[in-house]
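Visitor: The following block contains a protein sequence and its predicted model.
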2 protein chains.
Amino acid sequence: MGGSRAESLSHGECLRLLGRAGVGRVVYTKHAMPAIDLVAYTMREGAVIIRSPGDSELPAAVRNAVVAFQADRLSADLADGWTVSVVGHATEISDRTEVTELAALPELSAPPPWATSGADRFLKITVKLASGTRMGDGR
Amino acid sequence: MGGSRAESLSHGECLRLLGRAGVGRVVYTKHAMPAIDLVAYTMREGAVIIRSPGDSELPAAVRNAVVAFQADRLSADLADGWTVSVVGHATEISDRTEVTELAALPELSAPPPWATSGADRFLKITVKLASGTRMGDGR
C-alpha cells in the first residue's frame, strides 16, 4: 500500500499521532556530544512526559535545555506509517502530587527493562516546533 | 521472555547488531537546535553509511560534524530486543565510483518513500563510541 505517497503533517496532527506511541527517543547533549535515549512517554496537555529511570543521567543532562524528541510507527518496508519530531524546552516535574499521579499511569507504569534502580523521575518537554511525515495509509 | 534481563553490549557487539537493522536515526544540530532524521543505512568496514535524499538538508548540516546515530529492534513491550547508539564524525562520500556502488546496494536501493527528488547523497559516520543494551533474548 501507499508506495511513494508521503505527506507532511500539521502541528496538530503531529501531536495527535504522538498520542499513539508509547516509546520514543529523546535527543540531547551529553558531555558536549549528541546523545539519544530510548524512553517511555505519554502526552499530557500537548506536552511530552518522559519517565526516566532513577539512575539515568538524562534528567541532569536535559533539565532546562532545548531537546528534540522523536517517535514513529512504521512498517518494515517504510511504506506505511508515520514519524514525528518535536523540539522543546525540557523541565523536571518536581510536584510530588503530579509525580505520584504520573507514576501510576498505565502507559508509564512499565518502565523499560533497562531501568534498574532508584526512584523514577519525570521530565516534561513543552513542544515549540513539531514536524512529521505520514507514509501510505499512516497505520 | 526476558522480563527484566538487560545487559550492556560491547563495542564489537554493538557494531554487529547495527548490521541487522536497515533503518536508523541520525542526530545532529540544525539551525542551532537538536534534530533527528530517520534514514536508511548500512554498515561498511565498521562505519555507518547513510543514504540521504537529494533534497535533504542533512548532508549540509552534518558534514564534518560529530553526530549520533541510533538503531534498535524491539518487541512492542520492550522486553526483547536491542538498542545501539554510536557517536562519530560524519563526512560526505564524494568518490563517484563509491557513490555508484553504494547506490546499487540492495539494502540502500529503496529510499524511504519521503525521499522525493534530486540525486541521493551518501554520508559516512566513522564510529568513535558505541553503546548499547540488549533486553531478553535480544531478538
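Guide: Alright, I've got the coordinates.

Visitor: what about stretch A:36-51, how long is it end to end?
Guide: 15 Å (C-alpha to C-alpha, to the nearest Å).

Visitor: Tell me what the residue most central in space within chain A is bridged to.
Guide: The geometric centre of chain A, computed from its C-alpha atoms, lies nearest to A:Gly24 (C-alpha atoms, centre = their mean), at 4.2 Å. Beta-bridge pairing for A:Gly24 (DSSP bridges): A:Val39.

Visitor: how about A:Leu15, secondary structure?
Guide: A:Leu15 carries the three-state label helix when classified by DSSP: H, G, I helix; E, B strand; the rest coil.

Visitor: and the residue nearest to it when sequence neighbours are not counted, what pLDDT?
Guide: Spatial nearest neighbour of A:Leu15, excluding adjacent residues (C-beta to C-beta, 6 or more residues apart in numbering or on different chains): A:Gly46 at 5.8 Å. (Each C-beta comes from the backbone N, C-alpha and C, glycine too.) The pLDDT attached to A:Gly46 in the predicted structure is 93.

Visitor: Also A:Ala71?
Guide: The predicted local confidence for A:Ala71 comes out at a pLDDT of 94.

Visitor: Likewise for A:Thr116?
Guide: Confidence at A:Thr116, expressed as pLDDT, is 57.

Visitor: Likewise for A:Arg139?
Guide: The pLDDT attached to A:Arg139 in the predicted structure is 64.

Visitor: Same check on A:Ala103?
Guide: pLDDT for A:Ala103: 87.

Visitor: got a list of what the residue lying closest to it once chain neighbours are set aside touches?
Guide: For A:Ala103, ignoring the flanking residues on the chain, the nearest one in space by C-beta to C-beta, 6+ apart is A:Asp120 at 6.5 Å. Applying C-beta atoms under 8 Å, 6 or more residues apart in numbering or on different chains, one finds that A:Asp120 lies in contact with A:Arg51, A:Ser52, A:Pro53, A:Gly54, A:Ala103, A:Pro111.
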